[in-house]
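[1] With the input below, show me the fold.
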Amino acid sequence: MSTTPVESSGYDNSALAHEDEGYHKGLKPRQIQMIAIGGAIGTGLFLGAGSRLRDAGPGLFIVYAICGVFVFFILRALGELVLHRPSSGSFVSYAREFYGEKTAFVTGWLYFFNWAMTAIVDVTAIALYVHYWSMFDGVPQWSIALVALIFVLLLNMVSVKWFGEMEFWASIIKVFALVAFLVVGTIFLAGRFEINDKATGFSVLSDNGGLFPTGLWSLVLVTSGVIFAYAAVELVGTAAGETENPEKIMPRAINSVIFRIAIFYVGSLILLALLLPYTDYAPGESPFVTFFAAIGMPAAGGIMNMVVLTAALSSLNAGLYSTGRTLRSMAMNGSAPQFTGKMNKNGVPFGGIALTGVLTLLGILLNLVVPEEAFNIALDLSALGIISTWGMIVLCQIQLYRWEKKGILQRPAFRLPWTPWTSYATLIFLTAVTVLMCYDNYWNIVAIVVIIPSLIGGWFAVRGKVLTMAEARVGYTGEYPVVPGIVPPVPFPEHDRTPRDDDGGK
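    Just a heads-up that it's a prediction; the model follows:
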């Protein structure tokens with residue numbers, strides 16, 4: 001697919017194609033489909049739902065449904081950007097195209113922070129899952145997390161085909177497990193079978209305080225945890241840069257998401273609420289494992305635990321994949337250390353992957369010092385990165401919409417419905433979630449206080465290098481994306497601005 005979306009408009013973003021040089025188009029349509037279907041079915045649902053059910057009660061499915069609608073809007077916005085110009089740099093590359101180098105710098109490092117924290121969540125979850133089996137009780141949580149990290153790190157270094165295969169089969173396992181739960185749970189519900197000598201169905205709700213036993217505010221406060229359950233849906237946008245014919249594959253993959261959310265997320269949570277009292281679910285244990293153990297099928301509980309262990313390994317694999325591509329895009333433009341742009345003969349950006357792996361070692365230390373709190377601390381911090389990433393996706397889509405209105409370019413046929421109103425509504429929702437996160441957890445405030453000065457200092461540290469590279473690079477795109485020597489399709493009084501002009505002339 002050409003990197004020049006609509007040549008007749010005169011708009012040319014082909015200079016950005018250098019970021020994708022060296023990648024192998026090794027991902028197959030079946031892998032992309034399963035990454036889209038199973039990409040977000042991970043730790044946040046399989047493990048996080050247990051503590052959220054306990055804290056917020058059966059009405060949790062409402063929060064999942066509301067968040068799911070906005071996640072679908074975000075994915076449609078991402079799909080529009082991908083069909084505009086597929087790129088393994090994904091939204092970092094789009095931020096560079098639509099808003100300039102400074103915004104790309106901030107977006108890239110926030111996304112890296114997101115996945116670094118998510119990797120800590122994943123290795124912690126893996127250790128918790130392994131401790132489900134009593135034979136591992138004597139093994140320290142940190143050592144299990146370390147072994148998991150080394151295994152997935154080495155697997156990710158081989159080739160994109162290995163990444164795609166792991167995600168393909170992991171997604172199949174996750175989907176199969178959820179379907180199995182939905183079938184068994186529906187049978188128990190329809191047959192009015194008792195669990196632990198207690199009836200199933202709506203009586204479970206009426207006998208335990210109704211839909212909102214802990215109050216509506218409790219539902220609001222768990223929103224950040226629910227947001228984490230949908231993390232990694234944006235991975236399909238990064239993967240689009242390493243597949244053939246994304247214009248055919250992406251719309252089908254993205255449109256399947258809304259049905260996945262309705263069935264797997266909302267459907268599973270409704271069943272969980274009708275099968276067992278919300279107080280039976282516990283932090284640190286998958287609610288699906290709790291259910292199978294309660295119906296007298298401990299072996300099924302063990303199998304389900306193996307499934308959720310696979311989900312956590314899959315999420316860790318996805319995080320290493322995504323940050324490797326993001327850091328390479330940044331390194332090629334001076335925003336990240338040069339070694340993170342290194343690529344091996346198989347087209348794998350091993351430098352960025354290695355950096356993520358090294359920082360995940362901090363999570364191993366967290367598991368050593370505070371093993372009981374490691375999961376929730378990392379989960380809450382990662383949600384900040386997720387929200388900032390999703391916000392940038394929507395902002396780039398809004399700019400794409402505005403430029404079409406100005407006649408600069410033409411948007412692809414696959415679009416976010418009801419733009420710009422859905423775009424603005426999504427931004428308002430993400431802002432509200434950020435405020436709630438800071439209200440609910442002081443770790444998020446600490447993170448913001450640390451991250452903002454770090455990003456400002458980081459930008460000033462690399463600004464000279466970034467802008468020098470931008471001036472030397474044919475096809476610099478900044479605040480007003482213009483390829484040098486090519487007249488834009490509509491007049492821009494500032495079309496002869498330099499990168500340093502866009503940075504305030506400093």
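
[2] how about the helices in the stretch 201-350 of the chain?
    202-206, 216-221, 223-229, 235-239, 246-255, 257-260, 268-275, 287-294, 298-331, 350-369 (DSSP state H, counting those that start in this stretch).

[3] now the stretch 51-200 of the chain
    60-84, 90-99, 101-130, 141-158, 160-190.

[4] most neighbours per residue, which of the helices of the stretch 201-350 of the chain?
    Counting by mean count of other CB atoms under 10 Å, helix 235-239 has the highest mean neighbour count of those, with a mean of 27. C-beta here means a position set from N, CA and C on the backbone, and glycine is covered the same way.

[5] which residues touch it?
    27, 31-32, 35-36, 39, 75, 78-79, 81-82, 88, 90-91, 164, 250, 253-254, 318, 321-322, 325-326, 393 (CB atoms under 8 Å, 6 or more residues apart in numbering).

[6] Stretch 301-315 now?
    With CB under 8 Å, 6+ apart as the test, stretch 301-315 has contacts from 38, 41-43, 46-47, 118, 122, 125-126, 129-130, 132-133, 148, 151-152, 166-167, 170-171, 173-174, 177, 181, 232, 286, 288-290, 292-293.

[7] Alpha carbons of that stretch, as PDB, please.
    Extracted in PDB, the C-alpha atoms of stretch 301-315 (Å, rounded to 0.1, in the frame of the first residue of the first chain):
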ATOM      1  CA  GLY A 301      -9.700 -24.600  37.800                       C
ATOM      2  CA  GLY A 302      -6.100 -25.700  37.100                       C
ATOM      3  CA  ILE A 303      -6.700 -25.700  33.400                       C
ATOM      4  CA  MET A 304      -8.200 -22.300  33.500                       C
ATOM      5  CA  ASN A 305      -5.300 -21.100  35.500                       C
ATOM      6  CA  MET A 306      -3.000 -22.400  32.800                       C
ATOM      7  CA  VAL A 307      -5.000 -20.400  30.300                       C
ATOM      8  CA  VAL A 308      -4.700 -17.100  32.200                       C
ATOM      9  CA  LEU A 309      -1.000 -17.800  32.600                       C
ATOM     10  CA  THR A 310      -0.900 -18.000  28.800                       C
ATOM     11  CA  ALA A 311      -2.800 -14.700  28.600                       C
ATOM     12  CA  ALA A 312      -0.200 -13.000  30.900                       C
ATOM     13  CA  LEU A 313       2.700 -14.400  28.800                       C
ATOM     14  CA  SER A 314       0.900 -13.200  25.700                       C
ATOM     15  CA  SER A 315       0.500  -9.700  27.100                       C
END
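
[8] So which residue is smack in the middle of this protein?
    In the chain, the residue lying closest to the centroid (CA atoms, centre = their mean) is residue 232, at 2.4 Å.

[9] residues in contact with residue 339?
    331, 351, 355.

[10] Nearest to residue 271 among those?
    Taking CB to CB as the measure, residue 271 sits nearest to residue 355 out of the contacts of residue 339, at 40.9 Å.

[11] wouldn't that closest one be in contact with residue 327 here?
    Yes - applying CB atoms under 8 Å, one finds residue 355 in contact with residue 327, separated by 6.5 Å.

[12] what residues are shared contacts of the two?
    Common neighbours of residue 355 and residue 327 (CB under 8 Å, 6+ apart) are residue 340.

[13] For the stretch 1-150 of the chain, give me the ranges with low pLDDT.
    For the stretch 1-150 of the chain, the stretches with pLDDT under 70 are 1-26, 36-40, 42-43, 88-89.

[14] Could you do the chain as well?
    Checking the chain against pLDDT under 70 turns up 1-26, 36-40, 42-43, 88-89, 240-241, 284, 367, 370-377, 379-380, 472-506.

[15] ok, and the closest non-adjacent residue to residue 105?
    Nearest non-adjacent residue to residue 105, counting by CB to CB, 6 or more residues apart in numbering: residue 335, 4.5 Å away.

[16] swap that for residue 265, sorry
    Here the residue nearest residue 265, using CB to CB, 6+ apart, is residue 64, at 4.8 Å.

[17] and the one you found, how many neighbours does it have?
    26 (other CB atoms under 10 Å).

[18] And it, how far from residue 264?
    10 Å (CB to CB, to the nearest Å).

[19] now residue 363
    Distance from residue 363 to residue 264, by CB to CB: 27 Å.

[20] Could you do residue 306 as well?
    Taken as CB to CB, the span from residue 306 to residue 264 is 18 Å.

[21] residues contacting the closest residue to residue 261 other than its chain neighbours?
    Nearest residue to residue 261, sequence neighbours excluded (CB to CB, 6+ apart): residue 68, at 3.7 Å. Listed by CB under 8 Å, 6+ apart, the contact set of residue 68 reads 230, 258, 261, 262, 265, 266.
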